[in-house]
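Peer 1: Below is the sequence, then the predicted model.
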Amino acid sequence: MSVRARANGSAALGSARPDPISPVADESGGYLDLRYERSESVVRITLQRLEAHNAYSTATLRELTRAMGNASRDDRIGVIVLTGAGSRAFCTGGDVKEYASRFLERPHDYWKYMAVFREAVESILRCGKPVIARLNGIAVGGGNELHLACDLSIAAAHIYLGQVGVGVGSVAAGGATQWLPLAVGDRRARSMLMTNERVPAARAAEWGLVNSVVPSVVCNGEWVAAPTAEEIGWAQKEERGYRIDLGRLDEAVDALAQRLLGMYPECLRYTKAQANFWKEFAWNQTVGHAQEWLALHFATAEPFDGMHAFVDKRPARVAELRRALARGGEADFLHGAPLRSCGRCGETGLPELFRYCGRCGAPLSDGAGAGPAPPP
């Protein structure tokens, strides 16, 4: 069979089975957690979970991977813009409610989740086209990690960036521990990671964490060049004549996208691959270990308390955990190490702090046995 005949045969086959390396013809539909909008040679992918401040669920990450893959394969697209809906949040990271409801119960599933998260991050890193983060709102936790995976970023003046891992019982090893030192230097990175310091947009630009900042706070029709925290609060509530306006942000993102479209696409792709060397090196050396450790860590006391404190809107019980450690107690388990056994039914592996057997209900004595059964 000739090359042309084989090609024609493939085309005929393609009528029944889509070409696996071609983009989806109409990729604008089918998403629940994001919008995919192409305008000429630029596609905007918008995280759209306003009720959760654009936090991503596992399903969101799968959609993001699919959207980035489609944009990567579409030769009509030269630039990808990643952003969030509204003006409050670009992305606030993983959906802590999902973490608390699923992964604390089934820590092994967190290993599977991390595989999905890795695919989403790597779809940004390796899409072969420049990705601009349009920071329309705060970029926190995994949201900042998605931002760090992008090539360039422009921030609205009212936003801030930060990490929250050590404050909610986790570790920001999905890009922040790997890439913040590269972006802002070791000391600044440690401050963000270890103290959960919030970095306002202007400071982020000084540090090199974002490429530029544009005005986004308007007061009585005038742009506020350097809004205070108080003015930002008024603007978000639309009080005292203040409001948030993302018009200048869109203009700056569009201008950057057009500048990138003026560059040769293959040269851009290889430049991105070369510039990714240190990011890829740090990522590949650590993320597999992080996936294993985080999955195991979800079975311990720190994430249980941290996630529930966040969901329940209560203070975290860090001081109590530290006091237990100082007394020589066991802080890895919610109710003590699983060392007790029941003399009545023979159940083993009962937590040290249990007073009754979790299987038969018999009181547990100070030793290994049990006293009489409780009344029915």
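Peer 2: That came in fine, so what should we check first?

Peer 1: Output stretch 285-305 as CSV, nothing but the C-alphas.
Peer 2: C-alpha atoms of stretch 285-305 as CSV (Å, rounded to 0.1, in the frame of the first residue of the first chain):
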residue,chain,number,x,y,z
GLN,A,285,13.3,15.0,42.1
THR,A,286,10.6,15.7,44.8
VAL,A,287,7.0,15.3,43.7
GLY,A,288,6.9,11.5,43.7
HIS,A,289,8.2,11.5,47.3
ALA,A,290,5.7,14.2,48.2
GLN,A,291,2.9,12.1,46.7
GLU,A,292,3.8,9.1,48.9
TRP,A,293,4.4,11.2,52.1
LEU,A,294,1.3,13.3,51.8
ALA,A,295,-0.9,10.2,51.3
LEU,A,296,0.6,8.6,54.4
HIS,A,297,0.4,11.8,56.4
PHE,A,298,-3.3,12.1,55.8
ALA,A,299,-3.8,9.2,58.3
THR,A,300,-2.3,11.3,61.1
ALA,A,301,-3.6,13.9,63.6
GLU,A,302,-2.3,17.1,62.0
PRO,A,303,-4.3,17.0,58.8
PHE,A,304,-7.4,15.8,60.7
ASP,A,305,-7.3,18.8,63.0
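
Peer 1: Report the buried residues of it.
Peer 2: Buried residues in stretch 285-305, counted by 16 or more other CB atoms under 10 Å: 287, 290-291, 294-295, 297-305. The C-beta positions use only the backbone N, C-alpha and C, and glycine is treated the same way.

Peer 1: and of those, the nearest to residue 39?
Peer 2: residue 287 (33.5 Å; CB to CB).

Peer 1: now the helices: where do they sit in the chain?
Peer 2: Secondary structure of the chain (DSSP state H): helices at 3-16, 58-73, 96-98, 107-125, 142-149, 176-184, 186-195, 201-207, 229-237, 247-261, 265-275, 277-297, 301-312, 318-326.

Peer 1: now the angle from the fourth one to helix 277-297?
Peer 2: Regarding helix 107-125 and helix 277-297, their directions subtend 170 degrees when assessed with axes from the mean of the first three to the mean of the last three CA atoms, to 10 degrees.

Peer 1: Which residues does helix 107-125 contact?
Peer 2: Helix 107-125 is touched from outside by 56, 58, 61-62, 64-65, 68-69, 72, 82, 94, 99, 102-103, 131, 142, 145-146, 149-150, 174-175, 276, 279-280, 283, 287, 290-292, 294-299, with contacts defined as CB atoms under 8 Å, 6 or more residues apart in numbering.

Peer 1: what is the mean pLDDT for that helix?
Peer 2: In this model, helix 107-125 has an average pLDDT of 96.

Peer 1: quick check, distance from it to the centre of its chain.
Peer 2: 10 Å (CA atoms, centre = their mean, to the nearest Å).

Peer 1: If you count neighbours, what's buried in it?
Peer 2: So helix 107-125, judged by 16+ other CB under 10 Å, has buried residues 107, 110-111, 113-114, 116-125.

Peer 1: quick one, what contacts the most centrally placed residue in the chain?
Peer 2: Residue closest to the average C-alpha location in the chain (CA atoms, centre = their mean): residue 142, at 2.4 Å. The contact partners of residue 142, by CB under 8 Å, 6+ apart, come to 56, 91, 92, 93, 94, 117, 172, 174, 175.

Peer 1: again with residue 170
Peer 2: 294, 297, 303, 306.

Peer 1: Can I get stretch 307-316 as PDB, trimmed to CA atoms?
Peer 2: What follows is stretch 307-316, C-alpha atoms only, in PDB (Å, rounded to 0.1, in the frame of the first residue of the first chain):
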ATOM      1  CA  MET A 307      -8.700  20.400  57.800                       C
ATOM      2  CA  HIS A 308     -11.600  20.200  60.300                       C
ATOM      3  CA  ALA A 309     -10.500  23.500  61.800                       C
ATOM      4  CA  PHE A 310     -10.700  25.100  58.400                       C
ATOM      5  CA  VAL A 311     -14.100  23.600  57.600                       C
ATOM      6  CA  ASP A 312     -15.600  24.300  61.000                       C
ATOM      7  CA  LYS A 313     -14.100  27.800  61.100                       C
ATOM      8  CA  ARG A 314     -12.500  27.200  64.500                       C
ATOM      9  CA  PRO A 315      -8.900  27.800  65.800                       C
ATOM     10  CA  ALA A 316      -6.500  24.900  65.100                       C
END
